[in-house]
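> test case, fold it:
(2 chains)
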Amino acid sequence: MADPRAPLWGVFAVTTGVGALAGFFGIGGGALLVPVLVLVFSFEQHLAQGTSLFALVPPVGLLAFLNYWHAGEVDWKVGLLLMPGVFLGGILGSRWAQWLSARHMRHVFAALLFILGAWQALSSWVH
Amino acid sequence: MWVGVILLGLGVGILVGLMGIGGGVVLVPALVHLVGMDQHLAQGTTLFLLLPPLGLGALIVYWKKGNVDLRAGLTCAAGFLFGGYFGSLVALRVSSNDLHGMFGVFLMFFALLLWPKGRQPQATRKANG
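This next block holds a predicted model:
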């Protein structure tokens, strides 16, 4: 499974950069970590996803969160209300994933994200 | 409103389980467009709600199959902790409108990153019976 010669300093340097992107956009970062481990460090897909889930168990967004908190940019109520749903939905979704074509789902999801992203960029800068 | 937010969490969670993604990528635009939050507030709230290990249930499944690299995982966690600190400092100095647009560009980039993964030939499980 694990490659004992994994270049840890390289992993640290690259994930610090990816973490900066995650903090900038206020996302967890797991979505970015998986492709980085696969494309840059040649991890097998399942090992990358498991390692990413493990890396996200400690509160890695803590320092970024504290910065937003000091700036008064946290809605506690909405955040707390979303937690149980995301947790339970995650369990439901991972079970449903076994009944659906992963390839088809990814393409629909990627297409939706692309359209949403294009719309956001246009609505912000083109008037 | 609160019932709507709880249902939104459930919907996002289902996507997380289906796609094997963190959730922040979907949560930030959902909070902006469905709850009507400002871009900075949506990002801060997402970082807050992702503090507990919501992916722990899924991790256990991967762990049992030996698909976890402990050393690399810990190194990634350290990188994310420090990287996130500096990234968020920069983000808070950018106007909410510009950040909203940049997030849009990021979503398009992420969508392209997600696409080829689905093109790899992989056995899809079919329902039995």
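> domains for chain A, by residue range?
A:1-74, A:75-127 (automatic domain parsing).
> mind checking those domains for the one nearest to residue B:70?
Closest of these to residue B:70 is domain A:1-74, at 7.1 Å (criterion: CB to CB). In short, each C-beta sits where N, CA and C put it, glycine included.
> which residues touch stretch B:59-77?
Contacts to stretch B:59-77, defined as CB atoms under 8 Å, 6 or more residues apart in numbering or on different chains, come from residues A:1-3, A:6, A:8, A:11-12, A:15, A:33, A:37, A:41, A:43, A:46-47, A:49-58, A:60, A:94, B:53.
> any buried residues in that stretch, and which?
Buried residues in stretch B:59-77, defined by neighbour count with 16 or more other CB atoms under 10 Å in any protein chain shown: B:59, B:62, B:67, B:68, B:69, B:72, B:73, B:74, B:75, B:76, B:77.
> equivalent analysis for stretch A:30-42, please.
Across stretch A:30-42, burial judged by 16+ other CB under 10 Å covers A:30, A:31, A:32, A:33, A:34, A:35, A:36, A:37, A:38, A:41.
> still on that earlier bit, pick the most buried one from the domains of chain A.
Burial of the domains of chain A is given as mean neighbour count (mean count of other CB atoms under 10 Å in any protein chain shown); domain A:1-74 ranks first at a mean of 21.
> which element is residue A:113 on?
For residue A:113, the enclosing helix or strand under DSSP states H and E is helix A:102-125.
> so that helix, near chain B or not?
Yes. Legend: contact between helix A:102-125 and chain B by CB under 8 Å from any CB of the partner chain is shown at A:102-107, A:109-111, A:113-114, A:116-125.
> same deal with stretch A:66-80?
Yes. Counting by CB under 8 Å from any CB, chain B is contacted by stretch A:66-80 at A:67, A:68, A:69, A:71, A:73, A:74, A:75, A:76, A:77, A:78, A:79, A:80.
> for the longest helix along chain B, packing partners?
When chain B is scanned for its longest helix (criterion: DSSP state H), the result is helix B:96-119. Secondary-structure packing of helix B:96-119 (3 or more CB pairs under 8 Å, 6 or more residues apart in numbering or on different chains; DSSP states H and E): helix A:8-25, helix A:30-39, helix A:102-125, helix B:24-33, helix B:39-49.
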